[in-house]
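>>> Let me see the structure of the following:
(chains A and B)
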There are 2 protein chains.
Amino acid sequence: MAEQEGLTVKKSNDFSEWYTQIVQKAELADIRYNVKGFVVFRPWAVKTMNNMFKVLEDELEAKGHVPALFPALIPESNFKKESEHVEGFLPEVFWVTKVGSDVEKLEEPLAMRPTSETAIYKMYSMWIRSWRDLPLKIYQRCQVWRYEGKATRPFIRGREFYWIESHDAFGTEKEALQQVKEDMKITENTLYKKFGIPFIFFQRPEHDKFAGAVHTYAADTIMPDGRVLQLPSTHLLGQNFSKPFDVKFIDDDKKEKYVWQTCYGPAVSRIFAAVIGFHGDDKGLVLPPEIAAVQIVIVPILKDGDTKVMKKVDDLYKKLKDKFSVTIDSRKEYTPGWKYNYWELKGVPLRIEIGPKDVKNKQMVLVRRDTGEKIIAKETDVKKVESMLKSIQNNLILKADKYFKKNICEIKKFDELKNVLEKKGGLIKIEWCGRKDCADDMKEKTNGGVIRGKIFDKEEKPKSTCINCNNKSKEVVYISKQY
Amino acid sequence: MAEQEGLTVKKSNDFSEWYTQIVQKAELADIRYNVKGFVVFRPWAVKTMNNMFKVLEDELEAKGHVPALFPALIPESNFKKESEHVEGFLPEVFWVTKVGSDVEKLEEPLAMRPTSETAIYKMYSMWIRSWRDLPLKIYQRCQVWRYEGKATRPFIRGREFYWIESHDAFGTEKEALQQVKEDMKITENTLYKKFGIPFIFFQRPEHDKFAGAVHTYAADTIMPDGRVLQLPSTHLLGQNFSKPFDVKFIDDDKKEKYVWQTCYGPAVSRIFAAVIGFHGDDKGLVLPPEIAAVQIVIVPILKDGDTKVMKKVDDLYKKLKDKFSVTIDSRKEYTPGWKYNYWELKGVPLRIEIGPKDVKNKQMVLVRRDTGEKIIAKETDVKKVESMLKSIQNNLILKADKYFKKNICEIKKFDELKNVLEKKGGLIKIEWCGRKDCADDMKEKTNGGVIRGKIFDKEEKPKSTCINCNNKSKEVVYISKQY
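So this is what the prediction gives:
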């Protein structure tokens, strides 16, 4: 820690380098683990991710989900039951083929789950018998493995990531559609309200759906370099899985029916990348108080032989610790200034400084991480601490919102689209003919512009021609470069 | 759920069948997943296990540990670095050898972690540079995979299980020894005080250590059939791993030294088996209030057209919900009696019954799951609810203690040992010569009696001869049949 040094690049000048530095210097992940695409998630990131998991789990449970744990290994025969699904995921599967020393072989290869539909729905076919067993709403918190072809980056994309996947089964299509909307609400209550990440749900084009889904609705956000990052997606599976997996029930009209299904998958490790990107600044990470590994750091300003400061710091700690996550940095080998930089780099939302003058005046100095604002409060004013944390939370949301909205625009001419995608990025509203080959053509010509789909539940009627091929436009969609 | 039926066997008559039934009927795990040795952990078990995880994580953090997440896959070259370790674990490893469709092969086989020393210590060699970086105390909550040869049973033994593993590094041997004692204290504060599981830490004989350890100290408990179940173990690793993994630091005397290490691994899924076994009775599961998925169930006794009962139930729920985990069972399709059986099978510690008479008398009926005792309390008496839950927690610990102590004895003659191991089980104190072949001989002659080792930190001096071979005895140890 002694060599701790700050960021040497500005976020606005070179976001990619800024991100690399923050991951390393704030000790969030270590990329030196010797399996390609796998990283070690370090304590400061894991503490914050654990808080994020808790927020998501509480919200899922409030919406009627219960937790379960399904095996990480899926027999090849399960995995291959739904044809589109296997086509989509097969190239990314890590296969377990042998055990122990070289001699023993498994009878059937086992897939390390890239996602768990084919593990879970086999069980649903045994658990669901009657309309009384529905709806069934189960989630699991786990890690998944995908042999990514694209370049990996910590949190943004890796061959191993941490997520929650919820799998819901219903008696009717209508309830399944309702669940899709509820999943979006869950996303709003967590990602937006607690993590401060704005997003829009898009219905992905046919050629970009989750393998096996009827429709995929994915939350997209915009990173500081203008590229879009896909966050949780919710999938309407219809009866595409219940038929091959034989998930049936006797309805109250005594008829046997296949269930209607949805699934939803917030990848916490990836959402954390958005937290870093949105809120961080040139001094380092800025963590929203609702999920911060530590909300408050108390830095005593000590002079030799002064015991009053530490006494006051301890008293304050006791007053705050039941309500907030607080730490005292009383290390003797570092100066207060060094500590300020250290905790700013780590993104702790609120710093409290206490020196001899503050003891004398019965006060404390509160410093906000987001704005740098410094105020003096009475030493007993716990309410001020609380309101300041709330204010930081709200300010981060507002700032994120402002950035997000500023980076959505509408463009009608292809040359301009190309230019904006190149220079500024963001989400760009266009009209499109709806053909996959036209989308592919645009992607090539714009050096990576990808159609995100149309905004869920928003009527935006096409009025003109496709921005690329000039044929009649079929949909109003959004396009962006992406991670 | 309609077919819910109680246990059809008494715990004291046939524990094995009782355990099988409780796992199925209380919906704790499903053994029908189609990979051998892998089960699905169902919501009721996972909710309780999540509470157990939280208790353990809080305690580990209170003792200075921080969480991290290391990859699930370990390169063969890491895995083989410590010779005893690889010898011990190799037969149990699931190997990933290929990815995607058949064409792509990995350059190096990857082991699914059976335990993470060889993943973690490679990183420690990069993270630890100076005495300032020590002690380093990190834990991870994860699942591990071991190709078990022995018969598997849900929670007791499986090829996939859920645990926490903590890995600590120190500058001196003394601190490492101190950590072993702290790990035992952590075990007491969690397993004993919160989960109600008594145990004794034994120092395992040389031939039964963790592969690669200097010493292994394992907590043993006694299941209701008299067989011993091994619970968390803490291992003094000395410098056995720091040398092959090159984990060195510059001490404050400027000299380069290898670190001293310990590791500790509470397997929550297995500890849950002990929770089932110790506290359960002929009506089903009994969950200790400190970890129960649900602490209180309120059962309204409804008559048609009566709205007062539900109003009172809702008021009570609101009064209790911030302090306790409470659920209301207002299902119309079941009778109160059916519900009593249902929640008794599920092990909810406290039931509150509310009927028209209770509305009239401004009272509630509290029924303890552990003793069946029924008392009437004032409807406002939240303190009574709290004290009853405390009393249930304490009573479960006392009962478990009593059973545990009753099943420890001392035996001096081999024939008697054989007889007691056969008929009653438990932990039996004997004198032993210390030779592995004598232990093997005893195991065969007693049909599975295994030496657990000597009690940690307790002076028990041998005075006589080995119970089996009659040579001079070297140690006072304990023997038992085991899971």
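
>>> The residue nearest the centre of chain A in helix, strand or coil?
Per C-alpha atoms, centre = their mean, the C-alpha nearest to the average position across chain A is that of residue A:271, at 1.7 Å. Secondary structure for residue A:271, judged by DSSP: H, G, I helix; E, B strand; the rest coil, is helix.

>>> what's near enough to touch it?
Residues touching residue A:271, when contacts are defined by C-beta atoms under 8 Å, 6 or more residues apart in numbering or on different chains, comprise A:52, A:191, A:195, A:197, A:231-232. Placement of C-beta: from N, CA and C, glycine included.

>>> Next, format these as CSV and append neighbour count.
As requested, those are exported to CSV (neighbours: other C-beta atoms under 10 Å in any protein chain shown):
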residue, neighbour count
A:52, 25
A:191, 24
A:195, 27
A:197, 26
A:231, 22
A:232, 25
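
>>> Which ones among those map onto strands?
When strands are assigned by DSSP state E, the members of the contacts of residue A:271 inside them are A:231-232.

>>> helix/strand/coil for the residue lying farthest from the centre of chain A?
With C-alpha atoms, centre = their mean as the measure, chain A has its most outlying C-alpha, relative to the mean C-alpha position, at residue A:305: 47.8 Å. The three-state assignment at residue A:305 reads coil, by three-state DSSP.

>>> Out of the contacts of residue A:271, flag the one nearest to chain B.
The shortest gap between chain B and any of the contacts of residue A:271 belongs to residue A:52, at 13.0 Å (C-beta to the nearest C-beta).

>>> is whichever strand or helix holds residue A:125 up against chain B anywhere?
Element membership for residue A:125 (DSSP states H and E) is helix A:117-127. Yes - part of helix A:117-127 sits close enough to chain B to count as contact by C-beta under 8 Å from any C-beta of the partner chain, namely A:119, A:122-123, A:126-127.

>>> which of those are buried?
Buried residues within those, counting neighbours by 16 or more other C-beta atoms under 10 Å in any protein chain shown: A:119, A:122-123, A:127.

>>> Now those residues in CSV, please, with extra columns for distance to residue A:172 and pLDDT.
What follows is these, written out as CSV (distance: C-beta to C-beta, whole Å; pLDDT from 0 to 100):
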residue, distance to residue A:172, pLDDT
A:119, 25, 96
A:122, 23, 94
A:123, 22, 97
A:127, 19, 97
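
>>> Could you single out the nearest of those to chain B?
Minimum separation from chain B among these (C-beta to the nearest C-beta) is found for residue A:123, which lies at 5.6 Å.

>>> before we move on, the earlier item: grab the CA positions of the helix holding residue A:125 and hand them over as CSV.
Taking Å, rounded to 0.1, in the frame of the first residue of the first chain, the C-alpha atoms of helix A:117-127 are listed here in CSV:
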residue,chain,number,x,y,z
GLU,A,117,-32.2,-23.2,-18.4
THR,A,118,-31.2,-26.7,-19.3
ALA,A,119,-30.3,-27.6,-15.8
ILE,A,120,-33.3,-26.1,-14.1
TYR,A,121,-36.2,-26.9,-16.5
LYS,A,122,-35.5,-30.6,-16.2
MET,A,123,-36.4,-30.2,-12.5
TYR,A,124,-39.4,-28.0,-13.2
SER,A,125,-40.8,-30.8,-15.2
MET,A,126,-40.8,-32.9,-12.0
TRP,A,127,-41.9,-30.1,-9.6
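
>>> so what's residue A:288 up against?
Residue A:288 makes contact with A:194-196, A:275, A:279, A:349, A:392-393, A:396-397, according to C-beta under 8 Å, 6+ apart.

>>> Phi and psi next, for it.
The phi and psi values for residue A:288, taken as degrees, to the nearest 10, are phi -60, psi 140.

>>> Without its sequence neighbours, what residue ends up closest to it?
residue A:196 (4.7 Å; C-beta to C-beta, 6 or more residues apart in numbering or on different chains).

>>> tell me which residues of the longest helix along chain A are tucked away?
Ordering each helix of chain A by length in residues (DSSP state H) puts helix A:382-406 first. Judged by neighbour count (16+ other C-beta under 10 Å), helix A:382-406 contains these buried residues: A:385, A:388-389, A:392-393, A:395-397, A:399-400, A:403-404.

>>> Stretch A:329-344 now?
Residues of stretch A:329-344 classed as buried by neighbour count (16+ other C-beta under 10 Å): A:329, A:334, A:339-344.

>>> Can you tell me which of the residues you listed comes closest to chain B?
Taking C-beta to the nearest C-beta as the measure, chain B sits nearest to residue A:334 out of the buried residues of stretch A:329-344, at 10.8 Å.

>>> The closest residue in space to that closest one that isn't next to it in sequence sits in which helix or strand?
Here the nearest residue to residue A:334 in space, its sequence neighbours aside, is residue A:342; by C-beta to C-beta, 6+ apart that works out to 7.4 Å. Here residue A:342 sits within helix A:336-346, counting by DSSP H and E.

>>> List the neighbouring strands of the helix or strand just after that helix plus their orientation.
In the C-terminal direction, the helix or strand that comes right after helix A:336-346 (DSSP H and E) is strand A:350-354. Here strand A:350-354 has these sheet partners by DSSP bridges: strand A:296-300 (parallel), strand A:363-368 (antiparallel).

>>> most tightly surrounded among those strands?
For these, the largest average neighbour count (mean count of other C-beta atoms under 10 Å in any protein chain shown) is found in strand A:296-300, namely a mean of 23.

>>> Centre of the chain to it, how far?
In terms of C-alpha atoms, centre = their mean, to the nearest Å, the gap separating the centre of strand A:296-300 from the centre of its chain is 29 Å.

>>> what sits against the closest residue to chain B within the stretch 351-483 of chain A?
Closest contact between the stretch 351-483 of chain A and chain B, by C-beta to the nearest C-beta, is at residue A:386 (18.3 Å). Under the criterion of C-beta under 8 Å, 6+ apart, the neighbours of residue A:386 are residue A:323.

>>> ok, now residue A:409?
Taking C-beta under 8 Å, 6+ apart as the criterion, residue A:409 is in contact with A:420, A:426-429.

>>> for residue A:52, same thing?
Each residue near residue A:52 by C-beta under 8 Å, 6+ apart is listed here: A:190, A:194-195, A:268, A:271-272, A:275, A:291.

>>> Where does pLDDT dip in chain A?
In the prediction, chain A carries residues with pLDDT under 70 at positions A:1-4, A:102-104.

>>> can you give me the helices for it?
Applying DSSP H to chain A gives helices spanning A:15-25, A:43-62, A:76-79, A:83-89, A:117-127, A:173-187, A:268-279, A:308-320, A:336-346, A:356-360, A:382-406, A:414-423, A:436-445.

>>> Need the winner for burial among the ones you listed.
Comparing the helices of chain A by mean neighbour count (mean count of other C-beta under 10 Å), helix A:268-279 ranks first with a mean of 24.

>>> Confirm for me that residue A:208 is in contact with residue A:451.
Yes - counting by C-beta atoms under 8 Å, residue A:451 is a contact partner of residue A:208 at 7.4 Å.

>>> Compare neighbour counts for these two and give me the winner.
In terms of neighbours (other C-beta atoms under 10 Å in any protein chain shown), residue A:451 is the more surrounded of residue A:208 and residue A:451; the figures are 24 against 16.

>>> got a list of what the residue in the stretch 101-250 of chain A positioned nearest to chain B touches?
Of the stretch 101-250 of chain A, the residue with the smallest distance to chain B, taken as C-beta to the nearest C-beta, is residue A:147 at 4.3 Å. The neighbours of residue A:147, taking C-beta under 8 Å, 6+ apart as the test, are A:37, A:91-94, A:159, B:99-100, B:104.

>>> same question, residue A:325
For residue A:325, the contacting residues are A:292-296, by C-beta under 8 Å, 6+ apart.

>>> and residue A:377, what are its bridge partners?
Listed beta-bridge partners, residue A:377: residue A:364 (assigned using DSSP bridges).

>>> Could you give the number of residues near it?
By the measure other C-beta under 10 Å, the count of residues near residue A:377 is 17.

>>> same question, the one 4 residues further on
Close neighbours of residue A:381, defined as other C-beta under 10 Å, add up to 15.

>>> residues in contact with it?
Remark: with contacts taken as C-beta under 8 Å, 6+ apart, residue A:381 is in contact with residue A:364.
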